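Asks: I'd like to go over a predicted model; first the sequence, then the structure.
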Amino acid sequence: MNTFREIIRDHTRYAGHILKLAKSDLVRTYRGASLGWAWAVIRPTITILIYYITFSIGLRQGRPIGEFSYFLWLISGFVPWFYISNTFTGGAGSIRKYSYLVKKVRYPVSTIPTIVSLSNFVVNLFLTGIVLIIFLIGGHTPDVYWLQLPFYALVMFLFFTTWSLFAGMLSVISKDFMNLVKSVTTALFWLSGVMYDVLRVKNAALLAFLRYNPVTYVVYGYRNSLIYKTWFWEDPRYLLNIGIVYAVLLVLALWVYRRTIRSISDIL
């Protein structure tokens, strides 16, 4: 609890610095490119179009979901995945990326993963806005289920910011851990229901994994809000499962932080 209070205190005290550094991280990401910020939209668009063409035209598996086209179903799940994938790997490498803050400046290490997560989250909010506009253009007017999108966005941000702290500290200790994170990103994509309807999964082992997979929860949550029209409290057991997973991750992150914080600058 002392470690948890210390991290909360650091985030409160350095809130202004976190926002400024997150903005700087965004600017640095797209600096030097002729199209600049447009790449925040171009890259996801190209990825979505490739999968859409592959599954809807090439493999002819892109069937409509009720009154919603396969394209709308696809983008509603891909939007959170772009944030998740970028933060999953970027968060793990965040402390090494900002090592100068640890070595040359007296700056709280616990806030560094939040900088990267917040930077990616701003892009995610922008992409979510574009998706909602696409739904409107497609003739799907807003309804009350859209109101739970902030809930899923908050769950996503909290979970993967905590992951970034846990993985960021471990990646400083071991470069092999960072390589492992990069290696499992693709597997996480295919095992999390981004490209298929989790409601149709029959395999017991995969279904059990999905029930405790936070990526699945968020992706499924976005589709619940935009496609399936289901409230998050209608499946309390699923919510409890994800709460347990988050609690375990938080404890691990606090434990790793407490054990490594004193030696982190020497290692870097």
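Replies: Good, I have the coordinates.
Asks: low pLDDT regions in the stretch 1-150 of the chain?
Replies: Per-residue confidence for the stretch 1-150 of the chain (pLDDT under 70) gives these ranges: 29-43, 47-48, 51-64, 104-105.
Asks: which residues in it form helices?
Replies: Per DSSP state H, counting those that start in this stretch, the stretch 1-150 of the chain carries helices over the ranges 2-13, 15-30, 39-52, 70-92, 94-97, 99-103, 112-137, 149-173.
Asks: turn those into JSON lines, including distance to residue 212.
Replies: Heads up, the C-betas are built off the backbone N, CA and C, glycines and all. As requested, those are exported to JSON lines (distance: least, Cβ to Cβ, whole Å):
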{"stretch": "helix 2-13", "distance to residue 212": "23"}
{"stretch": "helix 15-30", "distance to residue 212": "30"}
{"stretch": "helix 39-52", "distance to residue 212": "25"}
{"stretch": "helix 70-92", "distance to residue 212": "16"}
{"stretch": "helix 94-97", "distance to residue 212": "25"}
{"stretch": "helix 99-103", "distance to residue 212": "33"}
{"stretch": "helix 112-137", "distance to residue 212": "22"}
{"stretch": "helix 149-173", "distance to residue 212": "12"}
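Asks: out of these, nearest to residue 192?
Replies: helix 70-92 (7.9 Å; Cβ to Cβ).
Asks: how about the CA coordinates for the closest one, as CSV?
Replies: Output in CSV follows, covering the C-alpha atoms of helix 70-92 (Å, rounded to 0.1, in the frame of the first residue of the first chain):
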residue,chain,number,x,y,z
TYR,A,70,-18.7,-6.4,-41.8
PHE,A,71,-16.7,-3.3,-42.2
LEU,A,72,-18.4,-1.5,-39.3
TRP,A,73,-18.0,-4.6,-37.2
LEU,A,74,-14.3,-4.8,-38.1
ILE,A,75,-13.4,-1.1,-37.3
SER,A,76,-15.3,-1.1,-34.0
GLY,A,77,-13.0,-3.8,-32.7
PHE,A,78,-9.8,-2.5,-34.4
VAL,A,79,-9.9,0.9,-32.8
PRO,A,80,-9.1,-0.3,-29.3
TRP,A,81,-6.6,-2.8,-30.7
PHE,A,82,-4.5,0.0,-32.1
TYR,A,83,-4.1,1.5,-28.7
ILE,A,84,-3.6,-1.8,-27.0
SER,A,85,-0.9,-3.0,-29.5
ASN,A,86,1.0,0.3,-29.4
THR,A,87,0.9,0.4,-25.6
PHE,A,88,1.6,-3.3,-25.1
THR,A,89,5.0,-2.9,-26.7
GLY,A,90,5.6,0.8,-26.3
GLY,A,91,4.8,0.7,-22.6
ALA,A,92,7.2,-2.2,-22.1
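Asks: count the neighbours of residue 195 for me.
Replies: 16 (other Cβ atoms under 10 Å).
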